[in-house]
Structures are given as C-alpha cells and as structure tokens.
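J.: only geometry, no sequence info:
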C-alpha cells in the first residue's frame with residue numbers, strides 16, 4: 001500500500017486553537033486524524049485523513065479484552081523561520097514496526113507510516129505552536145479491532161494518528177524532579193514486553209507512580225524485575241547518570257525501550273569526547289557515589305520532556321540531593337543542543353530533522 005494515495009477529507013467547521021501560553025500536555029487535539037484499516041484478506045487499505053472523531057468499537061473488540069495494541073510518540077516543531085520539522089521520524093518508524101512484530105500486529109509499510117505523519121501534520125500545520133518549549137505531539141496507534149473473545153492475534157486492525165499541540169510534559173518544566181526508587185513493584189522482565197511501546201507497559205507503571213506522587217515525588221525509578229537492584233528506567237523515560245568522568249545508562253537488554261532521545265544524547269556526548277558507558281549499574285553504586293560526592297548529575301531522556309534533570313533520589317527512607325537540586329551543566333548542554341536542532345536554531349549535521 002506504500003504507493004497508495006492518501007485520501008483527504010477536511011472538516012468544514014474548524015476548532016478554536018489554544019494560545020501557546022495555555023498549552024498543557026495531551027489535552028487538546030487538532031481538526032483531523034489519519035486512519036487506515038487492516039483485514040487479513042486485504043492487508044492494510046484505504047489510507048485517509050478525515051475529521052477528528054470518536055472511533056466506533058464493538059464491545060467485543062479484541063484490544064479492549066487482550067490489550068493487543070501499540071503506539072508511538074514524536075513531535076513536530078515550528079522554527080523561528082516558520083519551518084515545520086519532525087525530529088528523527090525514521091527512528092520512530094523503525095521502532096513502530098519493531099513493536100508491531102513483538103505484538104503480532106501486521107507491520108505497516110515504512111513509506112506509508114512516514115507519509116501518514118507528514119500528510120496529517122501538513123493538513124493541520126496551523127496547529128503547530130511557535131513558542132520554544134511547545135510542539136505538535138504526534139501519536140500513531142494501532143489497535144486490534146476484530147470483535148471476538150479468544151486469545152489469539154486479531155485478524156482486523158485500525159491504524160490511526162492523532163495530533164496534540166503541547167507545552168512542557170512536566171509542570172516544573174526543566175526544573176529538577178524528585179524521584180522515588182521503587183524496589184517492591186516490577187515494570188518488566190527480560191523476555192517480556194519492556195522493550196515494546198505497548199499499553200501494557202504503561203498500565204504496569206501506574207500504581208507505583210501514583211503512590212510516589214502522593215508522597216510528593218514527580219516520578220519513580222524502576223529497578224530490574226529479577227534482582228531488584230539494577231537501575232532501569234525513570235517512569236517511562238530512559239535514565240542517565242554522570243559519576244565522576246563517566247556517563248552511564250543501562251543497556252538495551254530487553255526490558256527498557258530503545259529511546260530516540262536516548263540515542264540522540266549518546267551520539268552527541270560521544271561526539272563531545274565524553275566517556276559514555278551503556279552498562280548495568282546497581283542502585284547501591286549510585287547511592288555510594290552520592291555519599292562520596294562523585295554523583296554529579298542524573299537526568300531522564302524522552303520524547304515528551306526531552307531532558308528531565310533529577311534533583312533528588314529517595315531510596316529506603318534516605319533522600320539524596322543531586323547537584324544541589326539544580327540542573328547540571330551537561331543536562332543543560334544536552335537540552336540546549338537537542339532543542340536547538342529541533343527548532344532549527346542549531347545546524348542539523350546528522351540529518352535528524354525532516355521538513356514538512
């Protein structure tokens with residue numbers, strides 16, 4: 001279906017667009033959505049852009065019972081020159097189809113995935129906000145749409161894409177967050193769905209995250225599901241730590257998502273000549289470094305927040321302040337560089353952006 005034209009039907013009554021200063025995250029949606037359907041005998045068919053509207057699902061729809069679904073998340077940015085850029089969309093296309101394979105969902109032609117994003121953003125380009133720190137969040141999703149009760153891969157699916165103009169993911173913006181280390185709940189284990197971008201991962205994280213928020217924390221730091229000692233992820237983001245002259249991030253070993261911002265940060269830091277390690281690290285090593293004064297910075301990386309510095313870690317009743325509770329120089333440099341490339345104020349020497 002890669003060469004199929006995308007049919008476009010525009011809505012006649014446009015919604016009122018919010019002002020940039022009023023944008024939160026994920027609460028407002030644009031005028032249009034992309035939709036394509038899959039049936040076993042036809043494959044993916046009828047790619048189209050149509051007015052944003054509710055989906056009509058049978059009560060027996062497979063995704064509602066067995067959770068067979070996937071999603072992605074990336075952003076479009078409006079530069080000072082008015083140009084709209086997507087950031088590393090090809091990496092998101094690759095991850096989209098990797099997740100599809102893991103979830104036994106039929107893969108979508110990569111060319112169609114990319115065109116579905118660029119076509120929809122172009123149709124709703126007036127919705128891309130202009131203020132730095134704002135963007136148009138792109139949420140591609142596939143759900144199993146066949147109505148049946150039985151544990152097997154579905155034979156029908158809906159692929160759809162929606163858009164949301166957004167402000168900062170965390171209300172505190174780039175201010176350092178307070179993180180609680182979780183050692184009594186498990187998010188994922190090797191061989192499970194931890195490396196897939198599917199709803200089950202996020203559902204598994206909610207209980208611990210809500211507990212932590214009631215205690216005054218922004219998010220949680222997950223440890224591994226077997227030994228409960230190896231650092232894995234912060235909430236739904238990848239984590240990085242600077243101990244002495246080494247930057248450490250957990251390896252992609254089947255339990256954490258291969259973050260696009262993670263890859264971006266690693267690429268930049270290696271180009272800057274920093275000592276960067278993708279290796280297992282225990283929470284005890286982190287605590288020991290904090291006591292010695294060698295834990296310089298901790299930060300999370302992710303599409304939604306880009307770089308989110310950690311100002312405090314709480315573990316077994318002890319609260320450790322990181323870098324005086326302030327954003328560190330390396331976190332700030334990463335944020336400024338990535339955001340500069342996204343908005344077109346710094347040169348894109350890697351070909352990471354795609355103009356719409």
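T.: That came through fine. Since this is a predicted model, take the numbers as computed values, not measurements.

J.: When you work out contacts or count neighbours from here on, use the C-alpha atoms and nothing else.
T.: OK.

J.: so where's this structure uncertain?
T.: For the chain, the stretches with pLDDT under 70 are 1-3, 170-173.

J.: show me what contacts residue 226?
T.: residue 189 (CA atoms under 8 Å, 6 or more residues apart in numbering).

J.: separation between it and residue 239?
T.: 19 Å (CA to CA, to the nearest Å).

J.: Please apply the same query to residue 175.
T.: Computed as CA to CA, the residue 175 to residue 239 distance reads 16 Å.

J.: and what of residue 223?
T.: For residue 223, the distance to residue 239 - CA to CA - is 11 Å.

J.: Between those two, which contacts overlap?
T.: Joint contacts of residue 223 and residue 239 (CA under 8 Å, 6+ apart) are 232-233.

J.: Specify the local secondary structure of residue 121.
T.: helix (DSSP: H, G, I helix; E, B strand; the rest coil).

J.: right, and it touches residue 165 too?
T.: No - assessed by CA atoms under 8 Å, residue 121 is found out of contact with residue 165, at 11.1 Å.

J.: Just the helices from the stretch 151-300 of the chain, written as ranges.
T.: Ranges of helices within the stretch 151-300 of the chain are 199-214, 260-271, 283-292, based on DSSP state H, counting those that start in this stretch.

J.: For the last one, which residues meet the burial criterion?
T.: For helix 283-292, burial by neighbour count (16 or more other CA atoms under 10 Å) applies to 283, 286-287, 289-290.

J.: Residue 94: how many residues sit nearby?
T.: For residue 94, the count of nearby residues is 13 (other CA atoms under 10 Å).

J.: name the element it belongs to?
T.: Assignment of secondary structure by DSSP states H and E places residue 94 within helix 89-102.

J.: and the angle from that helix to helix 260-271?
T.: 130 degrees (axes from the mean of the first three to the mean of the last three CA atoms, to 10 degrees).

J.: which strands and helices sit next to helix 89-102?
T.: Counting contacts by 3 or more CA pairs under 8 Å, 6 or more residues apart in numbering; DSSP states H and E, helix 89-102 is packed against strand 69-71, helix 110-123.

J.: nearest to residue 275, of those?
T.: Counting by CA to CA, residue 275 lies closest to strand 69-71 out of those; the figure is 33.2 Å.

J.: who touches that closest one?
T.: Contacts of strand 69-71 with the rest of the structure, by CA under 8 Å, 6+ apart, involve 63, 96, 99-100, 103, 105, 139-144, 196-199.

J.: how about 7 Å then?
T.: 63, 99-100, 139-144, 197-199 (CA atoms under 7 Å, 6 or more residues apart in numbering).

J.: which SSE is the closest residue to residue 161 other than its chain neighbours in?
T.: With CA to CA, 6 or more residues apart in numbering as the criterion, residue 161 has its nearest non-adjacent residue at 4.2 Å, and that residue is residue 140. Residue 140 is located in strand 135-144, with elements delineated by DSSP H and E.

J.: for that strand, packing partners?
T.: In terms of contacts (3 or more CA pairs under 7 Å, 6 or more residues apart in numbering; DSSP states H and E), strand 135-144 is packed against helix 62-66, strand 69-71, strand 74-78, strand 156-166.

J.: Look at the nearest residue to residue 261 once chain neighbours are set aside and say how many residues are nearby.
T.: Using CA to CA, 6+ apart and skipping residues adjacent in sequence, the residue nearest residue 261 is residue 302, 5.3 Å away. Neighbour count for residue 302, taken as other CA under 10 Å: 20.

J.: Give the bridge partners for residue 302, please.
T.: Legend: beta-bridge partners of residue 302 under DSSP bridges are residue 306.

J.: show me the residues around it that make contact.
T.: 237-238, 259, 261-262.

J.: nearest to residue 134, of the residues you listed?
T.: Out of the contacts of residue 302, the member with the shortest distance to residue 134 (by CA to CA) is residue 261, at 16.7 Å.

J.: Residue 300 is in contact with the closest one, correct?
T.: No - if you go by CA atoms under 7 Å, residue 261 and residue 300 don't touch, sitting 9.5 Å apart.

J.: higher neighbour count, those two?
T.: residue 300 (25 against 22).

J.: How much space separates the more buried one from residue 311?
T.: The value you get for residue 300 to residue 311, if CA to CA is used, is 11 Å.

J.: same check, this time on residue 154
T.: Applying CA to CA to residue 154 and residue 311 gives a distance of 45 Å.

J.: who's in contact with the residue located most distally from the centre of the chain?
T.: Of all residues in the chain, residue 292 has its C-alpha farthest from the mean position, at 33.4 Å, by CA atoms, centre = their mean. Counting by CA under 7 Å, 6+ apart, residue 292 touches no other residue.
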